[in-house]
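K.L.:
what follows is a predicted structure for the sequence shown.
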Amino acid sequence: MNRIREILEEKGLTAKDLAKILGVSPPAVSIVINGNPKQNTLEEYATALGVPIAELFEKKDYTRGTCPHCGQPITIELKKES
């Protein structure tokens, strides 16, 4: 599942806005948002949205998991290096 719709919301854009930026029709954007687009199409969309192509895909939460020893849920705190 791609995150194009979510990124549009984050940036305050609509699918129509993205269609204008890309020079395509709104239905073409809808097909990409809801379908299985080709890699070169995703690259064009990522560029138009100003994000890396990886941002178009569902983000995995690596801060939560399960302890392999006891099976209890764990939370991992990530800190950015200075």
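P.N.:
Arrived safely, thanks for sending. Numbering: from 1, shown residues only.
K.L.:
state the distance from residue 3 to residue 31.
P.N.:
Taking C-beta to C-beta, to the nearest Å as the measure, residue 3 falls 16 Å from residue 31. Yep, even glycine has a C-beta here, placed from its N, CA and C like the rest.
K.L.:
and these two? Which one has more around it.
P.N.:
residue 3 (18 against 14; other C-beta atoms under 10 Å).
K.L.:
sec struct for residue 74, please.
P.N.:
strand (DSSP: H, G, I helix; E, B strand; the rest coil).
K.L.:
isn't it right up against residue 63?
P.N.:
No. If you go by C-beta atoms under 8 Å, residue 74 and residue 63 don't touch, sitting 9.4 Å apart.
K.L.:
so residue 75 sits right up against residue 67, yeah?
P.N.:
No. Using C-beta under 8 Å, residue 75 is not in contact with residue 67, being 10.7 Å away.
K.L.:
residues near residue 32, how many?
P.N.:
23.
K.L.:
give the contact list for it.
P.N.:
Neighbour list for residue 32: 2, 4, 41, 42, 45 [criterion: C-beta atoms under 8 Å, 6 or more residues apart in numbering].
K.L.:
least trustworthy helix or strand in this structure by mean pLDDT?
P.N.:
strand 64-66 (a mean of 81; mean pLDDT, DSSP states H and E).
K.L.:
please, which helix or strand holds residue 17?
P.N.:
Element membership for residue 17, per DSSP states H and E: helix 15-22.
K.L.:
buried ones in that helix?
P.N.:
For helix 15-22, burial by neighbour count (16 or more other C-beta atoms under 10 Å) applies to 15, 18, 19, 21, 22.
K.L.:
redo the residues you listed as JSON lines? Include distance to residue 55 and pLDDT.
P.N.:
Below are the buried residues of helix 15-22 laid out as JSON lines (distance: C-beta to C-beta, whole Å; pLDDT from 0 to 100):
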{"residue": "15", "distance to residue 55": "17", "pLDDT": "93"}
{"residue": "18", "distance to residue 55": "14", "pLDDT": "95"}
{"residue": "19", "distance to residue 55": "19", "pLDDT": "95"}
{"residue": "21", "distance to residue 55": "16", "pLDDT": "95"}
{"residue": "22", "distance to residue 55": "17", "pLDDT": "94"}
